[in-house]
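Q: Okay, here's the prediction I keep looking at, along with the sequence it came from:
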Amino acid sequence: MPSQNSDVRALLIVLILLWVFFSPDGSDPASLTPPEIAHARQARFQGALDVLNTTRWGDFAPDALPPSPPAPPTETDGPVDGIGNGDGNHKQGPRFLNITGFSQLDGKGYAWEDLGRFRNRCREWSRNAFPSTTVGRLDDDDSWERSIGGGTWKNATGTLHGTWVRRPGTVVRQAAGYNLSAIAPGATWPSGLVEWGRNISGDHGKIELRIDEDEGDGVYEEKVEGKTSKGASLAREIQAVATIQDDASEASSWSLLLHGVHWPRQGAILLTTSSEKFDGIFGLPHLAPGPNFFHTAQHLLNQTLGKIIQAREKSKYGFPGNPWGSRMEDDDGFPAQCEYVMYLQLLPLELSRRYESSQLLESYIEELERELRHPTGAPVGRIPDLRASMVAWSPDCSFFLESKGPPEFPSVDGEHLVGMKEDMFTYTAKEWLIAFAAVMLGQIWLFKAQMKQSSTPSTTGRVSFWTVGTMLFADGMIFVTACAWSLNATVTLLPCLLVTFAAFISMFIEGAFLSEVWKIQEPERRIREREREQAAAAANRNASSSASTAPPPTTQPQPLATQPAPPPAQPRQPIIVPSDGDIDEAEQLANLLSGASALPLPATARTPGQQPPSNEPRPPTPFSTITGRFVLAGLFLLFLSAVATSWPSHIRSFYVNTLSFLYCSLWVPQIIRNTQRNSRQAFSWRFMIGQSFLRLLPFAYFFLREDNVLLADPDPFAFLVLVGWVWIQLWVMCAQSVLGPRFGVPRGWVREAWDYHPVLRDDFDLEGGGAKGMGLPIGLARTGTGLSSSSPTEERGRSWSVVSLTGTGTASTAEAGEGSAAAATGSAGGARNREREKEKEREKQKGVTMRSVDCAICRELLEVPVFNNNKGSSGSSESAASGITGVFARKAYMVTPCRHIFHTNCLEGWMKYRLQCPICREELPPL
């Protein structure tokens, strides 16, 4: 019996793991930051904000050409502008800002030579989004942003995903070429830095963007004389989490946090990262593609950044960290990482209806967004997708990332970044969660119906423990996942609770049925364990016998010593058994110790202090132990899945496909059990087909639908493999039900089992499985004068049925009849007998004879084929017995080891309740 402390230890381990997973982080980062570092960071941010307030468009021009010697002025010369705005102070060559990452450094600095290239690419993406409104515009036209916009989502909160391609920068930059101590003197940098984090080395990969835009205080709108000005006059604060995956890298994807500005009327978004070596949020307006973007972004950031700095100054902790930092993890192994500047251009909505004016279109989009944010039940039709094009630039690692899509790539290669708004994503998630709960409830209904059919020990014993255990384990994992999701769910709480409830009910019902299967199949496990012990004991005896047969060592002959004669055996006292037949072992021991020898001990009794024998059967394993193993296996799978999120994409995909394949192999244990027990069918076809269909539906959603809630990559080929594998299992079980559970399986692979559908022959041996010696089942065996007349309806046969075949049998039948039967023995009787003789000869030539007997269960006629073994028909009888027709003919009857024969349906229905012969009550092997 297992120790009682084992369950306590398992429970303690589970509680520790839950505490590690769900305990909040109680450490305060402010308490770990030295005050001098917090004050230095605060002073740096305040200085960067002052620079942002006092600078103008064009003050940051690191890619400007160096000044050339002035030419002699002429009378026709006008004012010269280095940027194009007519400011004579901007003709001094490269210009930098006193902001970390934007200042002029000694030696090699950031790759600002590509700033102009980045701005041109931003303008190009915007013009590609609105080609009809930007025809004839030049790249150096600063009023270009006034002619674009319209027809895009005004609030970009949502999720985007797509693929990207990498393009190298003009210059090459490596981590070893930077003097980080000069760029950020207040930070501590390791010496000999070779590699930076978040670096992209592959040519292509995937990206996922989760955009969050707040329409509260972080909004700035520029108005001229009380009216809204044209161009980029409205700006809103925005942030996004980018998850980038490099297909050429062995590492998994990594995430970064970006902050920036959204211009809703143009659908343009500019984001940047910030760190100790790059204050990108303070220099973001100078990275904008045009002066109007710069002006509104400067005013917006002056407001929002100034509020955050003032709030942190009043706090006692100051700046323990960077509030605009881009690192998602505090410790990711890289002290320095690549910085990113990202430009997104929202694409126009794909609407089925065309609007005559832009004002009507803008009004419709505003009403649509208002309905999504605050539903009132108004009909909205199909919700357009959230689409955007992207160009990202790393100024320190010197490379570009661009989304794949038209016009540079065909539509089959990519549609840039596609996703859905957060409101639509939430609504879709609710729908699919409710649908998944309906799938779980359908599984519960099928399981309840199957439990009614498998309610007897005979039918329950056919069920494979591991098939039901696989279903229970999968539903248990769904229950744990739904519980974890419900803890953090807000708008999807009710659908999550519905899925949790359905998974719990399914897990409870399946667990109850599995415990019943475990209890009923306990004798089988004891028999297998006893056989293993006997095999081990036999192997030990063989080893000891081989050692004893070795020649003994030669010794000198010793004289024979006279052995003392054994004492005479004491006469055994009679055993007195009480009338109730109950003999208490404790009473036997007490009588033995007190000298009462009249009642001897049974063979299994032990004296006090005697150790139990080694071959004593072990107590049955309780189902609670199996439950603990399932829980530990589930925790291990959760840990492994959490670790798998950091694996490379191809390894992670292989891991998911392997788990899916193992889960879809749930019918394989049942196929094996059918073969071992020689059982044709354990579950109903409604249960097997229904469970297979319902459990494949979630795979169809995630493997075929591109915009699933987990944003998983679709894999139609893997789904077809899973469907084909489940389909193969169902066909194998169908073949087992029709052709037999061991059809096509070599006999040496499985142990012998009773065949209820044998081939019946004239010399059939029921115990030997076909050897000569015992004869046909009772009711079909021949007597000396013909067939045994155990059936009162033998004369009811058809023209091809053989009943009384000899003349003696005919005469006796005629004498036993009455007057009408005696009259029929004339010419008509002779003709009938001659016809039967001819039919008999034809059947002998074919090698098969149809014989009749009454079924003792339904009292109806049962006709079975009996194959002849004469030499002339041996070949034909063998082919008839092994053919498809012979296989289907044998499925109509069942023969028991006690030589009784019944209809298949009759005996199977009987054996659902009792494993005893209906006639002689002899024990029957299970189906």
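A: Nice, thanks for sending it over.

Q: and residue 666, helix, strand or coil?
A: Here residue 666 is coil, with the state taken from DSSP: H, G, I helix; E, B strand; the rest coil.

Q: what number of residues lie near the closest residue to it other than its chain neighbours?
A: Sequence neighbours aside, residue 470 is the residue nearest to residue 666 in space, at 4.2 Å (criterion: Cβ to Cβ, 6 or more residues apart in numbering). (Each C-beta comes from the backbone N, C-alpha and C, glycine too.) By the criterion of other Cβ atoms under 10 Å, residue 470 has 22 neighbours.

Q: List the buried residues in the host helix or strand of residue 470.
A: Using DSSP states H and E, residue 470 maps to helix 465-488. Buried residues in helix 465-488, counted by 16 or more other Cβ atoms under 10 Å: 465-482, 485-486.

Q: any weak-confidence spans in the stretch 651-800 of the chain?
A: Low-confidence segments of the stretch 651-800 of the chain (pLDDT under 70): 763-775, 781-800.

Q: Count the neighbours of residue 741 for me.
A: 23.

Q: Let me see the contact set for it.
A: Residue 741 makes contact with 674-675, 677-680, according to Cβ atoms under 8 Å, 6 or more residues apart in numbering.

Q: same thing but at 10 Å, please
A: By Cβ atoms under 10 Å, 6 or more residues apart in numbering, the contact list for residue 741 reads 671, 673-682, 733, 735, 750, 753, 927.

Q: now swap in residue 460 and tell me
A: Applying Cβ under 10 Å, 6+ apart, the residues near residue 460 are 451, 453-454, 513, 516-517, 519-521, 682.

Q: The same query, at a cut-off of 8 Å, please.
A: Residues near residue 460 by Cβ under 8 Å, 6+ apart: 454, 516-517, 520.

Q: any idea how far the residue lying closest to residue 252 once chain neighbours are set aside is from residue 735?
A: Spatial nearest neighbour of residue 252, excluding adjacent residues (Cβ to Cβ, 6+ apart): residue 646 at 4.7 Å. Applying Cβ to Cβ, to the nearest Å, one obtains 44 Å for the distance of residue 646 from residue 735.

Q: So which of those two has more stuff around it?
A: A count of neighbours by other Cβ under 10 Å puts residue 735 above the other of residue 646 and residue 735, at 14 against 11.

Q: ok so the more buried one is a strand residue?
A: No - under three-state DSSP, residue 735 falls outside any strand and is assigned helix.

Q: which non-adjacent residue is nearest it?
A: residue 743 (6.3 Å).

Q: Can you tell me how far residue 627 is from residue 425?
A: Relative to residue 425, residue 627 is positioned 38 Å away (criterion: Cβ to Cβ).

Q: still on that earlier bit, of the contacts of residue 741, which is the most crowded?
A: Going by other Cβ under 10 Å, residue 682 tops the contacts of residue 741 with 27 neighbours.

Q: mean confidence for the longest helix seen in the chain?
A: If you go by DSSP state H, the chain has its longest helix at helix 422-453. Per-residue pLDDT values across helix 422-453 average out to 93.

Q: on contacts alone, who are the packing partners of it?
A: strand 158-168, helix 358-373, helix 465-488, helix 493-520, helix 685-704 (3 or more Cβ pairs under 8 Å, 6 or more residues apart in numbering; DSSP states H and E).

Q: I'd like these as a markdown table, with distance to residue 201 appended.
A: A markdown table is the format used below for those (distance: least, Cβ to Cβ, whole Å):
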| stretch | distance to residue 201 |
| --- | --- |
| strand 158-168 | 8 |
| helix 358-373 | 40 |
| helix 465-488 | 35 |
| helix 493-520 | 40 |
| helix 685-704 | 30 |
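
Q: Within the helices and strands, which one has residue 391?
A: strand 386-394.

Q: so that strand versus strand 158-168, what angle?
A: 40 degrees (axes from the mean of the first three to the mean of the last three Cα atoms, to 10 degrees).

Q: Using PDB, write out every CA atom in strand 386-394.
A: Output of strand 386-394 as PDB, limited to C-alpha atoms (Å, rounded to 0.1, in the frame of the first residue of the first chain):
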ATOM      1  CA  LEU A 386      -6.900  46.900 -40.200                       C
ATOM      2  CA  ARG A 387      -4.100  47.200 -42.800                       C
ATOM      3  CA  ALA A 388      -0.800  49.100 -42.800                       C
ATOM      4  CA  SER A 389       2.500  49.300 -44.600                       C
ATOM      5  CA  MET A 390       5.800  49.500 -42.600                       C
ATOM      6  CA  VAL A 391       9.300  50.700 -42.900                       C
ATOM      7  CA  ALA A 392      11.600  50.400 -39.900                       C
ATOM      8  CA  TRP A 393      15.200  51.700 -39.700                       C
ATOM      9  CA  SER A 394      17.900  51.000 -37.100                       C
END
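
Q: one step back: quick one: which of the contacts of residue 460 is nearest to residue 911?
A: residue 454 (13.1 Å; Cβ to Cβ).

Q: Looks like that closest one contacts residue 467 (just checking).
A: No - using Cβ atoms under 8 Å, residue 454 is not in contact with residue 467; the gap is 12.0 Å.

Q: and residue 696, what is it in contact with?
A: Here residue 696 is in contact with 664, 722-723, 726 (criterion: Cβ under 8 Å, 6+ apart).

Q: same thing with residue 486?
A: Counting by Cβ under 8 Å, 6+ apart, residue 486 has contacts 493, 496-497, 500.

Q: and those residues as TSV, adding neighbour count, pLDDT and distance to residue 387?
A: Formatted as TSV, these follow (neighbours: other Cβ atoms under 10 Å; pLDDT from 0 to 100; distance: Cβ to Cβ, whole Å):
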residue	neighbour count	pLDDT	distance to residue 387
493	13	91	30
496	22	93	29
497	17	94	34
500	21	95	35
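
Q: Looking at the contacts of residue 460, spot the one nearest residue 657.
A: Comparing the contacts of residue 460 against residue 657 with Cβ to Cβ picks out residue 517 as the nearest, at 29.7 Å.

Q: what number of residues lie near that closest one?
A: Look at residue 517: counted by other Cβ under 10 Å, it has 21 neighbours.

Q: Can you give me the distance of it to residue 336?
A: Residue 517 is 59 Å from residue 336, by Cβ to Cβ.

Q: Would you mind listing the buried residues in whichever strand or helix holds residue 631?
A: Assessed by DSSP H and E, residue 631 sits inside helix 623-644. Of all the residues in helix 623-644, those buried under the rule 16+ other Cβ under 10 Å are 623, 626-628, 630-631, 634-635, 638.

Q: residues in contact with the next helix or strand after that helix?
A: Where DSSP H and E defines the elements, the next helix or strand beyond helix 623-644 is helix 649-663. Residues outside helix 649-663 that contact it (Cβ under 8 Å, 6+ apart): 206, 245, 247, 252-253, 470, 474, 644-645, 647, 695, 699, 713, 715, 718, 721-722, 725.

Q: Just the buried residues of these.
A: Counted by 16+ other Cβ under 10 Å, the contacts of helix 649-663 give 206, 245, 252-253, 470, 474, 695, 699, 715, 718, 721-722 as buried.

Q: With respect to residue 413, which of these is nearest?
A: The closest of those, once distances to residue 413 are taken by Cβ to Cβ, is residue 206, at 13.2 Å.

Q: Helix or strand for that closest one, just tell me which one.
A: Using DSSP H and E, residue 206 falls in strand 204-213.

Q: Tabulate the contacts of residue 486 in TSV, adding columns for distance to residue 903.
A: Listed next are the contacts of residue 486 as TSV, based on distance: Cβ to Cβ, whole Å:
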residue	distance to residue 903
493	57
496	52
497	51
500	48
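
Q: Most widely separated two among those?
A: Most distant of the contacts of residue 486, by Cβ to Cβ, are 493 and 500, 10.2 Å apart.

Q: how much space between the residue most central in space within the chain and residue 111?
A: Closest to where the C-alpha atoms of the chain average out (Cα atoms, centre = their mean) is residue 660, at 5.0 Å. Residue 660 sits 44 Å away from residue 111 when distances are taken as Cβ to Cβ.
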